[in-house]
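Engineer: fold the following, please.
(chains A, B, C and D)
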2 protein chains.
Amino acid sequence: MIITSTQASNHNRILAAMPVDEFERLKPHLELIQMPLGSVLYEFSDRLQHVWFPMTAIVSLQYIMEDGASTEIAGVGNEGVLSVSLLMGDSTTSNRAIVQTGGCGYRLNAGLALQEFNRAESLQRISLLYFQMLITQMSLMAACNRHHSIEQQLCRWLLLTIDRLTSNELIMTQELIASMLGVRREGITEAAGNLKNAGFINYRRGHITVLDRSGLETLACECYQVIKKKSEGLLSTYSNVNNSHTQACRKK
Amino acid sequence: MIITSTQASNHNRILAAMPVDEFERLKPHLELIQMPLGSVLYEFSDRLQHVWFPMTAIVSLQYIMEDGASTEIAGVGNEGVLSVSLLMGDSTTSNRAIVQTGGCGYRLNAGLALQEFNRAESLQRISLLYFQMLITQMSLMAACNRHHSIEQQLCRWLLLTIDRLTSNELIMTQELIASMLGVRREGITEAAGNLKNAGFINYRRGHITVLDRSGLETLACECYQVIKKKSEGLLSTYSNVNNSHTQACRKK
DNA sequence: TAACGTCTGTGCGGTATCGTACACAATATA
DNA sequence: TATATTGTGTACGATACCGCACAGACGTTA
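Structural biologist: Numbers count the residues shown, from 1 in each chain, chains lettered A, B, ... in the order given. You can find the predicted model right below:
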């Protein structure tokens, strides 16, 4: 069944911001795909074959060290695009992209994506704005990893994640969060326990429910607000180009 | 006195990789400027007025937190360009650019730079390759800050810095290094003391001399090699376009 | 030569996080 | 219903780094 929706969260903002005629050129080549939780879009040093435009899915970009330790360097939702290095002219990757919240998105063949990008029209203009956002987010992660506590970072991460969801519950184990933040699972257990005692969240085996957003905000580091503001600013510049070729997301 | 040199380190690689005709278009507008140690090219949230192409100078990009704590998110030498966010369509900054090794470089008016970039010719193509390198470097910093010790990071930093210099001595206090790595000065004193005892470096009041590169490499984290390799790969792709409009650097 | 400011060395208690180990609880599978 | 698997809670010593305090050494300027 195809469900049409006007919900913004049900569209990729980059595609949505393209003028109709340019989007129509791309449309026949966009594959609507499911992006199930845990699936890996690309691995470190892969040769990129596709570009992805998430809609309801959220993807985590992670850097993996030689010893297997991982660190989340950015999160990508419907405001973004994956395979930025390809668009920039380097088809090999320097990170891993793993689906953090299952959902759907569009996939586009690498060659076609590059061709459209290199026309230097709206896709390029919008993508560049997004790249700038991505750079900001990554530099923030570098600083945040240096200076902020696990609890602060957990709050930031939870807030950024539920901001992208329609519900306040996310399917996620403490183990997974730990690997994204690059810390021990026990560290997350402790921090999450504190948040639970404070009444800000609740959880059970792989499900986390946010009960008090503003409570989390008081504990989160400044990084949350910075990313959120930057993201809002970004989306408002996207919409300088406005139109209505909204696309549906298939639901099972 | 103007000194002409064929040394690669005496030119900005991005400009050098542009085809002659496109470079000639830019040339009249390029100001050769001194970039003295410690000078700030732009601050957080500044409105960018210029684009810089370092030649002999090295610039450190730092993220500054609300409490004043800082973290280096990338270093920019003659392989790069500063004010990337401007070129990407957002003229406000999200970091600070401070000269870490004094030298010279070219400065270009923001409007002209943007105009040339938006022609979607060689400057854009090369800059995009560089942006990709920058993204890689930033994500590496995020992971490195999370997982590696001060000593490892100090080694990485020293190696990356002298790789950009012709000499093996750099003018730099422990205090400054500490603020770049985002750690206490005492932490650097201790790590540097170890390296000195090991015979890898020597130093005196604001001067550090590297005595044993390979020794440092054994102690540095993997991040050094990763950045170095990525950087070499980048420069080889720059030179797909080759020409000879080498520019001199004014020496005092 | 003296006085000053800056840079470096050192010590010490406090704390966040790690590594490891193990117990228990919830869910899935047989 | 029994059993395996996965997720969570807890404890404890080790360690890296922090914050602070102060001494001494170097280099510059008067």
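Engineer: near DNA strand C at all, the helix or strand containing residue A:218?
Structural biologist: Using DSSP states H and E, residue A:218 maps to helix A:213-219. No: counting by Cβ under 7 Å from any atom of the strand, no contacts exist between helix A:213-219 and DNA strand C, the nearest distance being 12.3 Å. C-beta: built from backbone N, CA, C; applies to glycine.
Engineer: only the buried residues of that helix, if you could.
Structural biologist: Across helix A:213-219, burial judged by 16 or more other Cβ atoms under 10 Å in any protein chain shown covers A:215, A:216, A:219.
Engineer: likewise stretch A:161-169?
Structural biologist: For stretch A:161-169, the neighbour count (16+ other Cβ under 10 Å) marks A:161, A:162, A:164, A:165 as buried.
Engineer: just stretch A:109-129 next, same as before
Structural biologist: A:110, A:112-114, A:116-118, A:121-129.
Engineer: that stretch spans what distance, first to last residue?
Structural biologist: By Cα to Cα, to the nearest Å, the extent of stretch A:109-129 from end to end equals 22 Å.
Engineer: so how far is that stretch off the chain centroid?
Structural biologist: Centre-to-centre, stretch A:109-129 and its host chain are 19 Å apart (Cα atoms, centre = their mean, to the nearest Å).
Engineer: ditto for stretch A:73-87
Structural biologist: Relative to the chain's own centre, stretch A:73-87 is displaced by 7 Å; criterion: Cα atoms, centre = their mean.
Engineer: follow-up on the earlier one: tell me what the helix holding residue A:218 is packed against?
Structural biologist: Packing partners of helix A:213-219 (3 or more Cβ pairs under 8 Å, 6 or more residues apart in numbering or on different chains; DSSP states H and E): helix A:150-162.
Engineer: hmm, the helix it packs on touching DNA strand C?
Structural biologist: Yes: interface with DNA strand C: helix A:150-162 contributes A:150, A:151 (Cβ under 7 Å from any atom of the strand).
Engineer: which residues does that helix contact?
Structural biologist: Under the criterion Cβ atoms under 8 Å, 6 or more residues apart in numbering or on different chains, residues A:58, A:72, A:75, A:100-101, A:144-145, A:148, A:168, A:170, A:172, A:177, A:180-181, A:183, A:187-188, A:190-192, A:194-195, A:201, A:208, A:210, A:213, A:216-217, A:219-221, A:223-224, A:227-228 lie in contact with helix A:150-162.
Engineer: all strands of the stretch 151-252 of chain A, in order?
Structural biologist: When assigned using DSSP state E, counting those that start in this stretch, the strands of the stretch 151-252 of chain A occupy the ranges A:169-171, A:201-204, A:207-210.
Engineer: flag every residue of chain A that's near DNA strand C.
Structural biologist: Residues of chain A that fall close to DNA strand C, judged by Cβ under 7 Å from any atom of the strand: A:149, A:150, A:151, A:182, A:183, A:184, A:186, A:187, A:204, A:205.
Engineer: number of nearby residues for the fourth one?
Structural biologist: Residue A:182 is flanked by 22 other residues according to other Cβ atoms under 10 Å in any protein chain shown.
Engineer: again with the fifth one
Structural biologist: Neighbourhood size, residue A:183 [other Cβ under 10 Å]: 19.
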